[in-house]
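*Asks:* Okay, structure incoming, though there's no sequence with it:
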């Protein structure tokens, strides 16, 4: 029998089974039967008694221990299960509240960040994105071949509508090339002091932030956060110049 499946430790199980066979016995006899050190048996049998699984009788200043019968042990677990079932609606209510809290997932290292960069587009093709585009950082972090052949020239990218904001200093030949894609509408912020330091994608209930200099990225999944970021993006969009 595996009492460990019901919360017993390995030593508690051995001592409980030994006591079942022995009936009423002193610690020295229980230790011999269970093949566990006497000092350990003292501690474990004490814990079993505190949990209500055992008791002792004092005879001539010597403690004799016994454990409760299996039927009583079963009733104990049954009562606990019934109590747990009564608490289940309350526990589920707490769990449901937690599921609606923002979820944040972190990614670290080039391999995971590269996969995330592709997954953002590939797993959500056809959706609308808001994007703060940092081409200089992107090209320094990824290879040109990666950006061209695994990202920009893919059907998934071309099927996704993207509104992009970049800064004047980030304008490159490739930026101009990217702006020619029909799915991508680009605007430029000339005030460098008001531009952002991270590559960011905003879509659905998610905000994906890439910090290439620090070699990590994270996704925040929250409708309220995403809606707020979309409104901030719209403010920046309307103040930026058409590319």
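*Replies:* Thanks, I have the structure now. All values derive from a computational prediction rather than experimental measurement.

*Asks:* what does the domain assignment say about this protein?
*Replies:* Following automatic domain parsing, one finds the domains of the chain at 3-70, 103-242.

*Asks:* mind checking which of those domains is nearest residue 80?
*Replies:* domain 3-70 (9.2 Å; Cβ to Cβ). The way it works is simple: take the backbone N, C-alpha and C, and place the C-beta from them, glycine included.

*Asks:* next one: that closest one to chain centre, how far?
*Replies:* Per Cα atoms, centre = their mean, to the nearest Å, the displacement of domain 3-70 from the mean C-alpha position of its chain is 41 Å.

*Asks:* Adding mean pLDDT and mean neighbour count, write the domains of the chain out as JSON lines.
*Replies:* Output for these, formatted as JSON lines (pLDDT from 0 to 100; neighbours: other Cβ atoms under 10 Å):
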{"stretch": "domain 3-70", "mean pLDDT": "90", "mean neighbour count": "16"}
{"stretch": "domain 103-242", "mean pLDDT": "83", "mean neighbour count": "15"}
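
*Asks:* Ramachandran angles for the closest residue to residue 166 other than its chain neighbours?
*Replies:* Distance criterion Cβ to Cβ, 6 or more residues apart in numbering; nearest residue to residue 166, sequence neighbours excluded, is residue 133 at 4.4 Å. Residue 133 adopts backbone torsions of phi -100, psi 120, taken as degrees, to the nearest 10.

*Asks:* circling back: so for residue 91, which of the domains of the chain sits nearest?
*Replies:* Nearest to residue 91, of those and by Cβ to Cβ, is domain 3-70 at 18.0 Å.

*Asks:* how about the strands in this protein?
*Replies:* Along the chain, the stretches classed as strands by DSSP state E are 25-26, 54-59, 62-67, 103-108, 128-132, 161-167, 184-189, 199-203, 206-211, 216-221, 241-242.

*Asks:* Put together TSV for the ones you listed, with distance to residue 144 on each row.
*Replies:* Supplementary listing: the strands of the chain in TSV, determined by distance: least, Cβ to Cβ, whole Å:
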stretch	distance to residue 144
strand 25-26	79
strand 54-59	72
strand 62-67	72
strand 103-108	22
strand 128-132	19
strand 161-167	17
strand 184-189	18
strand 199-203	16
strand 206-211	17
strand 216-221	20
strand 241-242	27
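
*Asks:* Much appreciated, bye for now.
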